[in-house]
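S.K.: give me coordinates for this.
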Amino acid sequence: MKSAVSPLVACVLLLAACGGSGERSRDGGDLDAGAPDAGTAVPQALEVWQYELTRTGASDNFASQTALVGPPQFVIGEELFDHRVVGDVALHPRGLPAEAFGEVASTADGETFHAQSVAPSGSPNDVGQPIGLLTDLTVARRLRRTADQASLRVAITGLLLDLIDTGTFRPTGAQCPWDVQNVDEDDCADSMVSEMQLTIDAFRVAPDDALIPVHHLGAHARLNGWHGHWAFHAGTDGDSDAFVWDEFTFEFIPDFGDDSDPFARAIVRLPPSSDPAAPPPPLKLSVPLGGVSVDDDVDVYVHVLARSFNRKQFESFAGAFFWDPESLQGLQLETDGLVVEQAATPLEQRAPPPPDSTALTCAGGPDPAAGLLQFGAATVRAFEGAGAIALIPVTRSGGARGAVSALFQAADDTAVAGIDYQTSAGLVRFADGEEGTRFVPVQILDNTTVDGARSARLSLTGPGGCAALGPQDTAALEILDDDGRQ
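M.R.: Numbering: from 1, shown residues only. Next up, the predicted model:
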């Protein structure tokens, strides 16, 4: 379940596989990679990025497929700005360019960065048309602890999920391939999607250069739906070492359109400041440094995904921004008692240890004050499509004493791992004092087979800490087919 950093960072040391010969400049040109001249400062950050475009399928009008927009790119110790136009848009909010694009930017030291995605306005009724874009950025640095009182934080200063649909009719045909009979509007919930994913990983670097996990954080936020039928979900990943955010962290406005049609637009953003003239207060995520002593090195990897997807088309818009178009801010790394040593080495070259799957222990048996762990729904509906992710809710209720965990497992029923969904298993964690819902992300795989709705069996076992399993310790993942229309 845990993915500390995108696999694309392997290209940094495998240039031929990346299709490039070195670093990428601000204007998109290629630079020869070479050793720094004598006296040149050591590069302080590694930034790696790629764009993945989603198109309607080549064999029919309803399946979808993804492909990279050019090879993965990287810079080491250089300022990054890459704006990639991938198509047209039918409309756009004021202040944004009239184009579908992905964008990444970072300062040379990797301290401030952002990622954006705007979906193209290709017709879903035509084969091979662009309808979605994923922007993927990883920033990595090696820090050295220099003081007993040290801290590391990631500050989110700008985040926006934005969907616009001026058509008041429900999605039909290629706009909603999952509802073959046109009878269930809930089956069209993924006609438009704007979503974010954030993971932060810190590793202590041992004297032999081995990596020792220090802290892992992960979370998702998703806005989806269509005109007047908007839905918002946000939550901390099941394998995150601590709470990151939930739906109450953000401001969800389902009627952000103008007075003539308020439900034509929905947004999700950071809550505004009490001072109307001030920007929203940043969301600050702490990365504890337990086990990191003074003079120890720690490698930090921040991985962000911004995905936009739009089957509704016509006069519509889908955008996802780890960035605030008004304040021009995104994410910042904040440190105290730490200094930058150099750019961190890609994880794929370091053989990081596997995620810890050891269940927490309990000395005295289950404690009612530790709460119950169970699924948040008996059935979780997912939508087949390129790049789609199902978020499986796991809840802790009735008590929050102590850190607790349970083992999550997805198994085949009528759905088959590797064909319909990506194999998924691992611990779901809740910190001491934390109640509420965690989410386990399960990657949904697209195919061109007309195989109808399929399901996978979900289970929770082996409660750790002093929690017990609740009655809903099993559930079903229902995957709706997008190939059934003819």
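S.K.: what are the structural domain limits within the chain?
M.R.: If you go by automatic domain parsing, the domain ranges for the chain are 7-349, 368-480.
S.K.: let me see the mean pLDDT of the last one.
M.R.: So that's domain 368-480. Mean pLDDT, domain 368-480: 91.
S.K.: and it, how far out from the chain middle?
M.R.: Relative to its chain's centre, domain 368-480 lies at 17 Å (C-alpha atoms, centre = their mean, to the nearest Å).
S.K.: and it, how far apart are its ends?
M.R.: One end of domain 368-480 to the other measures 38 Å (C-alpha to C-alpha, to the nearest Å).
S.K.: so where's this structure shaky on pLDDT?
M.R.: The model of the chain has pLDDT under 70 over residues 1-41, 57-63, 179-185, 324-328, 386, 448-451, 483-486.
S.K.: contacting residues for the residue positioned nearest the centre of it?
M.R.: The chain has Q197 as the residue nearest its centroid, 1.5 Å off, counting by C-alpha atoms, centre = their mean. Shown in contact with Q197 (C-beta atoms under 8 Å, 6 or more residues apart in numbering): G218, A219, H220, H303, V304, L305, R307, P441. Bear in mind the C-beta positions are built from the backbone N, C-alpha and C, glycine included.
S.K.: and what of P463?
M.R.: P463 touches A359, P366, L373, V404, S405, A406, L469, counting by C-beta under 8 Å, 6+ apart.
S.K.: need the buried ones from these selected in ChimeraX.
M.R.: Remark: buried members of the contacts of P463, expressed as a ChimeraX selection using 16 or more other C-beta atoms under 10 Å:
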select :359,373,404,405,406,469
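S.K.: taking the contacts of P463 one by one, which sit in strands?
M.R.: Within the contacts of P463, residues falling in strands by DSSP state E are L373, V404, S405, A406, L469.
S.K.: wait, the first one touches F408, no?
M.R.: Going back to what we said before, that points to L373. No. Between L373 and F408 there is no contact under C-beta atoms under 8 Å: 10.0 Å.
S.K.: circling back to that earlier point, can you add distance to P355 and give the domains of the chain back as TSV?
M.R.: Output for these, formatted as TSV (distance: least, C-beta to C-beta, whole Å):
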stretch	distance to P355
domain 7-349	6
domain 368-480	6
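S.K.: what is the closest residue to L211 other than its chain neighbours paired to in the beta sheet?
M.R.: Nearest non-adjacent residue to L211, counting by C-beta to C-beta, 6 or more residues apart in numbering: F203, 4.0 Å away. Note on F203: beta-bridge partners P213, D299, judged by DSSP bridges.
S.K.: check contacts around F203.
M.R.: F203 touches L211, I212, P213, V214, V298, D299, P352, counting by C-beta under 8 Å, 6+ apart.
S.K.: so which of those residues comes closest to A98?
M.R.: Nearest to A98 among the contacts of F203 is D299, at 40.7 Å by C-beta to C-beta.
S.K.: I'd say Y301 and L198 touch.
M.R.: No. Look at Y301 against L198 with C-beta under 8 Å: they stay out of range, at 11.5 Å.
S.K.: and the residue lying closest to G228 once chain neighbours are set aside, how far from W226?
M.R.: Closest residue to G228 apart from its sequence neighbours, by C-beta to C-beta, 6+ apart: F263 at 4.0 Å. Distance of F263 to W226, computed by C-beta to C-beta, to the nearest Å: 10 Å.
S.K.: which of the residues in stretch 338-356 are buried?
M.R.: Buried, per 16+ other C-beta under 10 Å, within stretch 338-356: L338, V340, E341, Q342, A343, A344, T345, P346, L347, E348, P352.
S.K.: report the separation between Q409 and L477.
M.R.: 11 Å.
S.K.: which one of those two has more residues nearby?
M.R.: A count of neighbours by other C-beta atoms under 10 Å puts L477 above the other of Q409 and L477, at 24 against 16.
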